[in-house]
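Chemist: One predicted model, sequence on top.
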Number of protein chains: 2
Amino acid sequence: MRQKIESSSFFIGRGDDSLISFGSGQPDLPPPPEAFEALRTYNGFKYGLVQGDLVLRQELAKEYPGAKPEDFVITNGCSEAIDLTLRALQKPGGKVLLPRPYYYSYPHNVALAGMTPSFYDLNAQGKIDFDVFVKAAEGCSVALINSPSNPTGTVQELATLKKIEAFCDEHGMAIISDEVYKDIIYVRENYLMQGKHVVTVNSFSKSYAMCGYRVGYLYSQDAAIVKRTIEIKNHTAMNTSGVGQAVALAALRARQPYVDERLAIWKERRELMYTGMKELGLDVWAPEGAFYIFPKITDATRAMHDLYYEYQMITYTGEWFGARDRLRFSYALTTEKIHEGLRRLKLFLEKEYAAYR
Amino acid sequence: MRQKIESSSFFIGRGDDSLISFGSGQPDLPPPPEAFEALRTYNGFKYGLVQGDLVLRQELAKEYPGAKPEDFVITNGCSEAIDLTLRALQKPGGKVLLPRPYYYSYPHNVALAGMTPSFYDLNAQGKIDFDVFVKAAEGCSVALINSPSNPTGTVQELATLKKIEAFCDEHGMAIISDEVYKDIIYVRENYLMQGKHVVTVNSFSKSYAMCGYRVGYLYSQDAAIVKRTIEIKNHTAMNTSGVGQAVALAALRARQPYVDERLAIWKERRELMYTGMKELGLDVWAPEGAFYIFPKITDATRAMHDLYYEYQMITYTGEWFGARDRLRFSYALTTEKIHEGLRRLKLFLEKEYAAYR
């Protein structure tokens, strides 16, 4: 990829000419120092519990009101938590309700679990319209909710989430609530979804900058679902990496002030991105959580290529997320780079973009 | 479990009264020191390639004649390698050919990938009878081979493995060759199965005593299968733990003399177990690889319980492996403990066992 760039003849005007990546969805700053310290003394090598280290689950339970250690399964990132939960909830011919735009893996996760995705569109504000949700829920046994959302950066309304909880409980539907951005939220506290068959999936990746360690978890008060996920994991992966869990435990114990300090950094970047995009006249939702902003761009895939080849900027086309008229920017990079990225984006909008909107 | 033992009133005669575990299938001795040293300096935290670290794959490729780094995918242990491969080879209504006795996860792995296991029995010597294999292969699209085998401890005949390769190539069948015990083999060098659609699954767990780190891999010269497993892993787990891969790389580079030294230890234990069991008059296959011995025991599940409650010894009933008339002993424990275990086994055979054979 880098080679391609070096051999292309792009013009980005005065200023920094290095690659600016609004691409990958991962924190750029390191985990708390305590996380690395855990590596220095770790000396385990044997199998651990498939459900996950008990001390780590005890520590996690403190973060979830009313939770017990046995309600958690530690997984290879949130990805495995979703995969295991869908496999545990698998029904032949089953349908899973997904919002659109969606995190790009969701439809694949559903298909890989032998079920079919059923989509409903978020409204013009990037929110769930409850009536639209209910209509699309027909015949579905599982609903996946993602708030704060990747790629939209929006947070769902509390009233809507509560109506969804009641509806799913009444209709015996399970909810997979992906709250992986629960600690990166700007408009209110995160709301933990609740109900008879709710499975919360989460991870240490975003809160503690531990993406590469692949430590996530699922949490549910539905004991049958938890049991089934452990049975499956026993055959498909066994315990999550012991050393990864030790690092996660150290990070969790160093939660404050780390998480609050990081949130202040995310807020500054968010302001810069949102203000900058509005000044450029882009039609964009206010980012309410996570670290994504998802402006409307006609033919986003073409724009992604132009931005890459002509302006040395990485973005992700909304087409990968079920929204071909939007372009995803991850703002997990320094304010200096954000300034430079916005400068290049302005040039693109003034020049190339005029041709295809 | 320990609590149960402490409160039970067992009689094990003179000698050590601690728990003797012939249960878990994992090395008791630690990995090479270089593996732990890698932990002391690791400072990564970001996502890695879903396929696995390139340097690790380059190092692995040296161990497989004709292999290239792109032929490997680094996985969360051999378990994930099997799961990914079966999902990649998934066909609606597909059948997977399994030997019996089998590693206890195999039938679950097949079912979890949406296929059906089709079993054939190993012969009286614990070997594959090629004609039996061919007959059972009718309608199967995949065959799983496990040599050296867990739980039988046997190694398959070279001539048979070559006939299976030719048969599968001719009939377009894929082979999953679980060679996780390739470095623990007493009767000949391990034979790497080959063919158009062979996927070798392996792990650092047994060779380098790294079970808890969960680092394994799959290797195939069938580029389409490799590509499909990466696509799936991208949605179900993403990269295998970065720190785990760093530890695996350090272990791999410290391969010799570590692996040879360990093999000498396994050989000594194997001799002790095999000689001891023959002296006790048990009907048992000579262990040719891995660290399991699988004697005939009438009503193995009852024997497992008696040995546990009356003699404080852990064994695994063959019922879990598709052989209810055999009992699995893992000899991953010191020679002192093996001596004590054999002493207790003798008492059991003389007393309780007489009642139910």
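Modeler: Happy to help now that I have it. Residues are numbered from 1 along each chain as shown, chains lettered A, B, ... in the order given.

Chemist: So residue A:177 belongs to a strand, correct?
Modeler: Yes: assessed by DSSP: H, G, I helix; E, B strand; the rest coil, residue A:177 belongs to a strand.

Chemist: Quick check: closest non-adjacent residue to it.
Modeler: Nearest residue to residue A:177 in three dimensions, chain neighbours excluded: residue A:193, at 4.0 Å (C-beta to C-beta, 6 or more residues apart in numbering or on different chains). For every residue, glycine as well, the C-beta is placed using N, CA and C.

Chemist: Not counting the longest helix along chain A itself, show me its contacts.
Modeler: Ranked by number of residues, the top helix in chain A under DSSP state H is helix A:255-279. The contact list for helix A:255-279 (C-beta atoms under 8 Å, 6 or more residues apart in numbering or on different chains) reads A:27, A:29, A:32, A:183-184, A:186, A:207-209, A:251, A:284, A:286-287, A:291, A:293, A:295, A:329, A:331-333, A:335, A:338-339, A:342, A:345.

Chemist: re the thing from before, go ahead and confirm the residue nearest to residue A:177 touches residue A:200.
Modeler: Yes: contact status for residue A:193 versus residue A:200: in contact at 6.7 Å, counting by C-beta atoms under 8 Å.

Chemist: Find the residues that touch each one of those two.
Modeler: Counting by C-beta under 8 Å, 6+ apart, the shared contacts of residue A:193 and residue A:200 are A:177, A:179.

Chemist: So which of the two has more stuff around it?
Modeler: residue A:200 (26 against 21; other C-beta atoms under 10 Å in any protein chain shown).

Chemist: Which strand or helix spans the more buried one?
Modeler: strand A:198-203 (DSSP states H and E).

Chemist: and the residue nearest to residue A:177, what does it touch?
Modeler: Here residue A:193 is in contact with A:145, A:161, A:164-165, A:175, A:177, A:179, A:200 (C-beta under 8 Å, 6+ apart).

Chemist: want to try JSON lines for these, with pLDDT as columns?
Modeler: Below are these laid out as JSON lines (pLDDT from 0 to 100):
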{"residue": "A:145", "pLDDT": "98"}
{"residue": "A:161", "pLDDT": "98"}
{"residue": "A:164", "pLDDT": "98"}
{"residue": "A:165", "pLDDT": "98"}
{"residue": "A:175", "pLDDT": "98"}
{"residue": "A:177", "pLDDT": "98"}
{"residue": "A:179", "pLDDT": "98"}
{"residue": "A:200", "pLDDT": "98"}
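
Chemist: picking that back up, paired strands for the strand holding residue A:200, with orientation please.
Modeler: strand A:174-178 (parallel), strand A:216-220 (antiparallel) (DSSP bridges).

Chemist: Next up, phi/psi of residue A:241, please.
Modeler: phi -40, psi 120 (degrees, to the nearest 10).

Chemist: List the contacts of it.
Modeler: A:76, A:213-215, B:76, B:212-214, B:241, B:243-244.

Chemist: quick one: pLDDT of residue A:353?
Modeler: pLDDT recorded at residue A:353 is 88.

Chemist: Any figure for the gap between it and residue B:81?
Modeler: 46 Å (C-beta to C-beta, to the nearest Å).

Chemist: Show me which of these two is the more surrounded one.
Modeler: Shown here are residue A:353 and residue B:81; by other C-beta under 10 Å, residue B:81 has more neighbours (27 against 18).

Chemist: That one falls within a helix, correct?
Modeler: Yes: judged by three-state DSSP, residue B:81 forms part of a helix.

Chemist: Could you count how many residues lie near residue A:48?
Modeler: The burial count for residue A:48: 21, using other C-beta under 10 Å.

Chemist: who are the neighbours in contact with it?
Modeler: A:239-240, A:242, A:245, B:212.

Chemist: same thing with residue A:327?
Modeler: Contacts for residue A:327 (C-beta under 8 Å, 6+ apart) come out as A:294-295, A:297, A:300, A:303-304, A:315-318.

Chemist: Restricted to strands, list those residues.
Modeler: Among the contacts of residue A:327, the residues falling in strands (DSSP state E) are A:316-317.

Chemist: between the contacts of residue A:327, which is closest to chain B?
Modeler: residue A:316 (14.2 Å; C-beta to the nearest C-beta).

Chemist: so the closest residue to the closest one other than its chain neighbours, which of the three states?
Modeler: The shortest distance from residue A:316 to any residue other than its chain neighbours is 4.3 Å, reached at residue A:328 (C-beta to C-beta, 6+ apart). Classification of residue A:328 using three-state DSSP returns strand.

Chemist: any idea how far residue A:328 lies from chain B?
Modeler: The gap separating residue A:328 from chain B is 16 Å, by C-beta to the nearest C-beta, to the nearest Å.

Chemist: Touching, that residue and residue A:322? I think so.
Modeler: No: using C-beta under 8 Å, residue A:328 is not in contact with residue A:322; the gap is 11.4 Å.

Chemist: ok, the two, which is more surrounded?
Modeler: residue A:328 (27 against 21).

Chemist: what pLDDT does the residue nearest to the spatial centre of chain A get?
Modeler: Central residue of chain A (C-alpha atoms, centre = their mean): residue A:150, 4.7 Å from the mean position. In this model, residue A:150 is scored at 98, pLDDT.

Chemist: Check the one 10 residues further on too.
Modeler: Residue A:160 is assigned 98 on the pLDDT scale.

Chemist: What helices and strands are in contact with the strand or helix carrying it?
Modeler: Following DSSP H and E, the helix or strand that holds residue A:160 is helix A:158-170. Counting contacts by 3 or more C-beta pairs under 8 Å, 6 or more residues apart in numbering or on different chains; DSSP states H and E, helix A:158-170 packs against helix A:130-136, strand A:142-146, strand A:174-178.

Chemist: quick check: angle from that helix to strand A:142-146?
Modeler: 160 degrees (axes from the mean of the first three to the mean of the last three C-alpha atoms, to 10 degrees).

Chemist: What residues of helix A:158-170 count as buried?
Modeler: Buried residues in helix A:158-170, counting neighbours by 16 or more other C-beta atoms under 10 Å in any protein chain shown, are found at A:160-161, A:163-165, A:167-168.

Chemist: can I get those in JSON lines with distance to residue B:262?
Modeler: Below are the buried residues of helix A:158-170 laid out as JSON lines (distance: C-beta to C-beta, whole Å):
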{"residue": "A:160", "distance to residue B:262": "59"}
{"residue": "A:161", "distance to residue B:262": "55"}
{"residue": "A:163", "distance to residue B:262": "60"}
{"residue": "A:164", "distance to residue B:262": "55"}
{"residue": "A:165", "distance to residue B:262": "54"}
{"residue": "A:167", "distance to residue B:262": "58"}
{"residue": "A:168", "distance to residue B:262": "53"}
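
Chemist: I'd guessed residue A:59 sits against residue A:253; true?
Modeler: Yes: using C-beta under 8 Å, residue A:59 makes contact with residue A:253 at a distance of 6.8 Å.

Chemist: If you count surrounding residues, which of the two has more?
Modeler: Shown here are residue A:59 and residue A:253; by other C-beta under 10 Å, residue A:59 has more neighbours (17 against 14).

Chemist: Excluding chain neighbours, what is closest to that one?
Modeler: Spatial nearest neighbour of residue A:59, chain neighbours left out: residue A:252 (5.1 Å); criterion: C-beta to C-beta, 6+ apart.

Chemist: Give me the number of neighbouring residues for residue A:106.
Modeler: 24.

Chemist: and what of residue A:63?
Modeler: Once other C-beta under 10 Å is used to define contacts, residue A:63 is seen to have 13 neighbours.

Chemist: mind listing what it touches?
Modeler: Here residue A:63 is in contact with residue A:252 (C-beta under 8 Å, 6+ apart).

Chemist: hang on, it is in a strand, isn't it?
Modeler: No: secondary structure of residue A:63 (three-state DSSP): coil, not part of a strand.
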